[in-house]
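[1] Below are the sequence and a predicted model; questions follow.
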Amino acid sequence: MADYTVAAVDEALALLLLVAQSPGHGVTELSVMSGNTKARTFRLLYTLEQRGLLHREGDTPTYHLGYKALYLGVAAQEQVSLVRVARSHLRDIGGICNENVQVRVRDGLETVCVARWESTQAVRVHTDVGNRRPLYAGASGKVLLAHAPPQVQQALFDSALTRLTDNTIIDRTLLEQELQQVLAQGYSVSYGERSSGAVAIAAPIMDADGAVIAALGIAGPASRITAEHLPGLIDLVVQRAGDLSLGLGYAYR
């Protein structure tokens, strides 16, 4: 198959994504991260800056997304069906439980938040759109890992798993057992696996082909998400994840 990739465009877009995921770096750091020479990195950054997609800050310049990147973000939210369909569901769920609600997708061995509704509670489990987390930690991550292809699971098991809290599951046998339980019950619960004192519940979101493409999750402090309230929140997340799947064309059989 012919390769029609334009190298300079590919390098520029990769650099733009690097800045989006990890803002605040200078030319030298970005050249190392991107694998380009410092001179080429500067030219690519300059071009993106001229287009308004990046801007420089500080006496020792660091790079951040520019105002025109907002156009892409807003347009993507309108055009990507998952985010568009999820928006009203997140608002409704948040209105019921007033805990943070989010949709996360898998990107390699990490999860990324693509949509969220933030609780009005003074004490809450905060996250931002674009936030990345290890795939093995937390309720949404375990849902996405449980439904990931075997090669993805193997790659994760072959990697070094970092303990984020005392409750993070890093033992392969225990993690495999947890993933089997997630598949059997249709949802996942996390008790402080990523953030101490937080409880999270997540369920899979499926597309028209029945593939799990995202996870819908609720997270809040353990002081509010108690054993008494957990069953109702599990039912809420599972039901709304199912509703979201229907909105994406999935037909339950």
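    Done, it's in.

[2] Gly247 and Gly73, how far apart?
    According to CB to CB, to the nearest Å, Gly247 and Gly73 sit 22 Å apart. C-beta: built from backbone N, CA, C; applies to glycine.

[3] quick one: low-confidence ranges for the stretch 101-250 of the chain?
    123-124, 126 (pLDDT under 70).

[4] mind listing the helices for the chain?
    According to DSSP state H, the chain carries its helices in the segments 7-21, 27-34, 38-50, 69-79, 81-97, 139-146, 150-158, 172-185, 230-247.

[5] Could you point out which of the ones you listed sits nearest Asp59?
    helix 27-34 (13.9 Å; CB to CB).

[6] Pull out the buried positions in that closest one.
    Buried positions in helix 27-34, judged by neighbour count with 16 or more other CB atoms under 10 Å: 27, 30-31, 33-34.

[7] Please apply the same query to stretch 162-177.
    Here stretch 162-177 shows 164, 167-169, 175 as buried, counting by 16+ other CB under 10 Å.

[8] count of neighbours near the residue nearest to Leu54 when sequence neighbours are not counted?
    Leaving aside its sequence neighbours, Leu54 sits nearest to Leu48 (CB to CB, 6 or more residues apart in numbering; 4.4 Å). Neighbourhood size, Leu48 [other CB atoms under 10 Å]: 22.

[9] I figured Leu48 hits Glu11, correct?
    No. Using CB atoms under 8 Å, Leu48 makes no contact with Glu11, being 10.7 Å away.

[10] bridging residues for the spatially most central residue of the chain?
    The residue lying closest to the centre of the chain (CA atoms, centre = their mean) is Val112, at 1.4 Å. Beta-bridge partners of Val112, counted by DSSP bridges, are Val105, Arg132.

[11] same deal with the one 5 residues further on?
    When bridges are assigned using DSSP bridges, the partners listed for Trp117 are Val101.

[12] That one and Ile96, how far apart?
    Relative to Ile96, and taking CB to CB, Trp117 is found at 11 Å.

[13] I'm done for today, thanks for sticking with me.
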